[in-house]
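# Mind looking at a prediction? Sequence and model below.
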Amino acid sequence: MAGVRLENVTKRYGQKTAVKNLSLTCKEGEFFSIVGPTGAGKTTILSMIAGIEELTSGKIFFNDYEVSRLPPQERNVSMAFESYNLYPHFKVYDNIAFPLRAPRWNLKLSKQDERRRVEQIAGFLGIEELLDRLPQHLSGGQKQRVSLARALVRQPEVYLLDEPIAHLDARLKFSTQTLLKEFASKYRSTIIYVTHDYREALGLSDRIAILRKGEIEQESTPEELYNHPVTDYVGSLLGEPPMNLIDGVMISKENQTYFEVHDGALIRIEDNLVDAMKNTARQENGRVVTRLGIRVEDIRLNRQKLSDNSIQLPVYAIVQEAESSIVTFELKESFLHVRTRSDKGLCDYRLSEMLWLEFDQSRMFFYQNTVDLSKV
Amino acid sequence: MSTIDVHNVWKIYPRGNVIGVKDLSFNCRDKEFLAILGPSGGGKSSTLRMLAGLEEISKGEIQFDGVIVNKMGPAERNIALAFESYALYQRLSVYENIAFPLRARKLKDVEVDHKVMSIAKLLDLTSILNKYPPELAGGHQQRVSLARAFVRKPNVTLLDEPISHMDQRVRAQLRARIRHLHDDLGLTTVYVTHDQAEAISLADRIAIINQAELQQIGTIEEIWNQPANRFVAYFVGEPAMNFILGELVDQQHVAVAAAQDKRVFEFKGQLKTKPAESAVTIGVRPQQIKVSRTEPSTTAVAATVKIVEFQGETTVLTVTLADRAKSDVKVVVSSGEKIGTGNNVWLHFAPDIIHLFDGETPVLQRQIG
């Protein structure tokens, strides 16, 4: 296994810059995810590491060995594509065995050893019953697991996995995700993993790079990304529901600073947060506006007022989760979601009931506005 | 008043004599939000299509407000439909898309305008009424599709997976909007989905359909606490319920065969039947298991942490039990607890979280509350 390092990598297609002066390091044995929406440049990065796409500029290293100009077959990588790319005339068994037979790797496995390896990985991913079938007789989810098995059957220097479980149904997706994590930790594999699904990335990764328009917005551990998103963009990507983002007016009176969440509903801001507020503030129609980020679990609901950090709003809607509820409030420019846990089943709040919301000051963030908040 | 009664309904597809829906009976009460939940191919879409009048009922009857609607077409049933694919008219403005069902009923322009404007206001569409669908993002298109469904007061609103493919930010907002509209307009809503989280989040009651048959209908608490069979127990909840081999000790205790000894747990509830050989499957939900780093009592079972999956507020642990079968068990813990791969932990099953199954059948009548 090898570590992978990208140094100032740029990829342009004509006038369009898909990847912009990007540097990242995935250490040996690390599970590293690249997360972002469609078109952010995720697959382009993976293709450049594999050698399928040429770099416009910059360098790629496996350990200390530069591979930037090597053709794909000279780079010891295994790739799973979102589009499966199975050989239609080969049975599932031969599709999975294919990388073991490639002359380039000179494995020269005996028939028995080959069968053992193929059956082992197929059994691990729960597709051992499909080995004699042709790809055309498989569902999308089955094809995807075959494609993943083919990528994992051989040990390369680095695994490159592009949305490898995106097409599985929910239950199978979660269980396959757990299997992938087991595989990664058992073999201490270097894995670079591309996904648009933040849940997969949080669960699987040692570290994650959040990609936005060809650039890295934040690169960190899952815990750090979740607990300290550096921009509103990162906050808005992670969490179910994601972080609340609220644009509000900054108000100073009698040596105190307040944030207006909604028409006249103010929360008092503790002194240590005032600088962060000022640094992110902007002028808008003669008022000083900033953007508050707070997670759904960091607001407490109550029928009584609890503190100065509280405001009162009417309930817009209540939806349940297995052991909690999400209570939604409507603000002028966004919705505000709050997760509430009650000891016994359902929360008994009612539509339009006025509730107090208490904001946890230690879990509040202020951001410059870089994402569109318009309500959906 | 809008109620739905489904009586012994069958859907038999003549080609190949395939049974799509088998002897299905359930009801949806006035102003209720009912979810029909199940895996794809299980019969839920056939059910929806029969409710909508898009498909013939082979046997049995469906009543809306006590009136048999078997022979009525979709228009006569006064239903509103919204599908996963928005099916908006691309060449009509948002306004005209929403107005379409009203114009089809030949309402006067003033009436049309009044209704369109009021639903547009409710769904925050006022500013985009002059735009065309291709100009809109997916979330907005879905909102227009919902507005079109809700613009005339239908007897019944049928929604087919309208938000399951959206990203999580949009999904959270649309869930809130749909539930708000339902409550605010006093609608009777049937929502079809394969996504158990979606069903739980929106519905007052859930009807679970699998292999053409109704498995269970009930509130979320009923389904969560007293699943009718092992399929339901496994299908609802994420991560899914764990199943561990055990054996009955007496009317109040069950044991897990641990490596060295037996670990005996008390359970709450009434045994319905005693399985032969007293071998039972213990069901425990990952969200309800307590984990400690030190052995809390003799009624805890030792385990080793195999995989740790951070999910934000919570973390999912996969642990290997020190039982004879070396079962893998999933546990949801708060992310604040620092537990890592390879750690030794103890799992505590409280008496009121234990489910017992004999094969597919639950054998414990649990006490709820």
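Noted; the coordinates are in hand.
# which residues sit in contact with A:Leu180?
A:Leu180 makes contacts with A:148, A:164-165, A:204, as judged by C-beta atoms under 8 Å, 6 or more residues apart in numbering or on different chains. Glycine gets a C-beta too; all of them are placed from N, C-alpha and C.
# Let me fix that, I meant to ask about B:Gln367.
Counting by C-beta under 8 Å, 6+ apart, B:Gln367 makes contact with B:268-270, B:352.
# Show me what secondary structure element comes after the longest helix seen in chain A.
For chain A, the helix with the greatest residue count under DSSP state H is helix A:170-187. Downstream of helix A:170-187, the first helix or strand assigned by DSSP states H and E is strand A:191-195.
# sorry, back to before: which two from the contacts of B:Gln367 end up farthest apart in space?
By the measure C-beta to C-beta, B:Gln270 and B:Asp352 form the most distant pair in those, at 13.1 Å.
# was I right about B:Ala279 contacting B:Ile244?
No - assessed by C-beta atoms under 8 Å, B:Ala279 is found out of contact with B:Ile244, at 11.7 Å.
# re earlier: pull out the buried members of the contacts of B:Gln367.
Applying 16 or more other C-beta atoms under 10 Å in any protein chain shown to these, the neighbour count classes B:Gly269 as buried.
# and of the contacts of B:Gln367, the nearest to chain A?
Among the contacts of B:Gln367, B:Asp352 lies closest to chain A (C-beta to the nearest C-beta), at 11.4 Å.
# Shouldn't B:Met117 be within a strand?
No - remark: B:Met117 does not belong to a strand; assigned using DSSP: H, G, I helix; E, B strand; the rest coil, it is helix.
# Can you tell me the closest non-neighbouring residue to it?
The shortest distance from B:Met117 to any non-neighbouring residue, by C-beta to C-beta, 6 or more residues apart in numbering or on different chains, is to B:Thr126 (7.4 Å).
# Could you chop the chain up by domain?
Going with chain A. Domain assignment for chain A, taken from automatic domain parsing, gives A:4-237, A:244-367.
# Please refer instead to chain B.
B:4-234, B:240-365.
# what is the rounded mean pLDDT of the first one?
When you say that, I think you mean domain B:4-234. Domain B:4-234 shows an average pLDDT of 91 in the prediction.
# What is the end-to-end distance of that domain?
28 Å (C-alpha to C-alpha, to the nearest Å).
# So what's the gap between it and the chain middle?
Here the centre of mass of C-alpha atoms in domain B:4-234, compared against the chain's by C-alpha atoms, centre = their mean, to the nearest Å, lies 14 Å away.
# Can you say which two of the contacts of A:Leu180 are spatially most distant?
By the measure C-beta to C-beta, A:Leu148 and A:Leu204 form the most distant pair in those, at 13.0 Å.
# what's the neighbour count on the residue nearest to B:Ile353 when sequence neighbours are not counted?
Leaving aside its chain neighbours, B:Ile353 sits nearest to B:Gln288 (4.1 Å; criterion: C-beta to C-beta, 6+ apart). By other C-beta atoms under 10 Å in any protein chain shown, 18 other residues sit near B:Gln288.
# give me every residue that touches the residue most central in space within chain A.
Centroid-nearest residue in chain A: A:Tyr198, 2.7 Å away (criterion: C-alpha atoms, centre = their mean). Contacts for A:Tyr198 were tallied using C-beta under 8 Å, 6+ apart; they are A:35, A:237-239, B:168.
# and what of A:Asp263?
For A:Asp263, the contacting residues are A:Lys332, by C-beta under 8 Å, 6+ apart.
# 10 Å instead, please
Each residue near A:Asp263 by C-beta atoms under 10 Å, 6 or more residues apart in numbering or on different chains is listed here: A:313, A:331-332.
# about what we covered before: got the angle between the longest helix of chain A and strand A:191-195?
160 degrees (axes from the mean of the first three to the mean of the last three C-alpha atoms, to 10 degrees).
# which of the residues in helix A:170-187 are buried?
Using 16+ other C-beta under 10 Å as the test for burial, helix A:170-187 gives A:171-185.
# likewise stretch B:159-176?
B:159-163, B:166-176.
# What of stretch B:297-313?
Under the neighbour-count criterion of 16+ other C-beta under 10 Å, stretch B:297-313 has B:300-303, B:305-313 buried.
# Next, format the residues you listed as a markdown table and append secondary structure and pLDDT.
Below are the buried residues of stretch B:297-313 laid out as a markdown table (DSSP: H, G, I helix; E, B strand; the rest coil; pLDDT from 0 to 100):
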| residue | secondary structure | pLDDT |
| --- | --- | --- |
| B:Ala300 | strand | 87 |
| B:Val301 | strand | 89 |
| B:Ala302 | strand | 91 |
| B:Ala303 | strand | 94 |
| B:Val305 | strand | 97 |
| B:Lys306 | strand | 96 |
| B:Ile307 | strand | 96 |
| B:Val308 | strand | 96 |
| B:Glu309 | strand | 96 |
| B:Phe310 | strand | 96 |
| B:Gln311 | coil | 95 |
| B:Gly312 | coil | 94 |
| B:Glu313 | coil | 92 |
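# and those residues near chain A, which?
With C-beta under 10 Å from any C-beta of the partner chain as the criterion, the members of those in contact with chain A are B:306-313.
# what secondary structure does B:Asp183 sit in?
Using three-state DSSP, the structure places B:Asp183 in helix.
# Please report how far it lies from chain A.
Separation of B:Asp183 from chain A (C-beta to the nearest C-beta, to the nearest Å) stands at 5 Å.
# Around the closest residue to that residue other than its chain neighbours, how many other residues sit close by?
Closest residue in space to B:Asp183, ignoring its immediate chain neighbours: A:Leu351 at 4.8 Å, by C-beta to C-beta, 6+ apart. Using other C-beta under 10 Å, A:Leu351 has 14 neighbouring residues.
# Contacts only, for A:Leu351.
Per C-beta under 10 Å, 6+ apart, neighbours of A:Leu351: A:314-318, B:179-180, B:182-184.
# Give me the pLDDT for it.
As summarised for this prediction, A:Leu351 has a pLDDT of 91.
# backbone phi and psi for it, please?
Dihedral angles of A:Leu351 (phi, psi; degrees, to the nearest 10) stand at phi -50, psi 130.
# on that earlier part again, identify the farthest-apart pair in the buried residues of helix A:170-187.
A:Arg171 and A:Ser185 (22.3 Å).
# Distance of A:Val153 relative to A:Phe32?
Relative to A:Phe32, A:Val153 is positioned 21 Å away (C-beta to C-beta, to the nearest Å).
# repeat for A:Ser205
As judged by C-beta to C-beta, A:Ser205 and A:Phe32 stand 6 Å apart.
# swap in B:Asp323?
35 Å.
# interface residues of the stretch 201-350 of chain B facing chain A?
The stretch 201-350 of chain B has residues B:201-204, B:219-221, B:224-225, B:234-240, B:285-288, B:306-316, B:318, B:328, B:330, B:332, B:334-335, B:341-342 near chain A, with proximity defined as C-beta under 10 Å from any C-beta.
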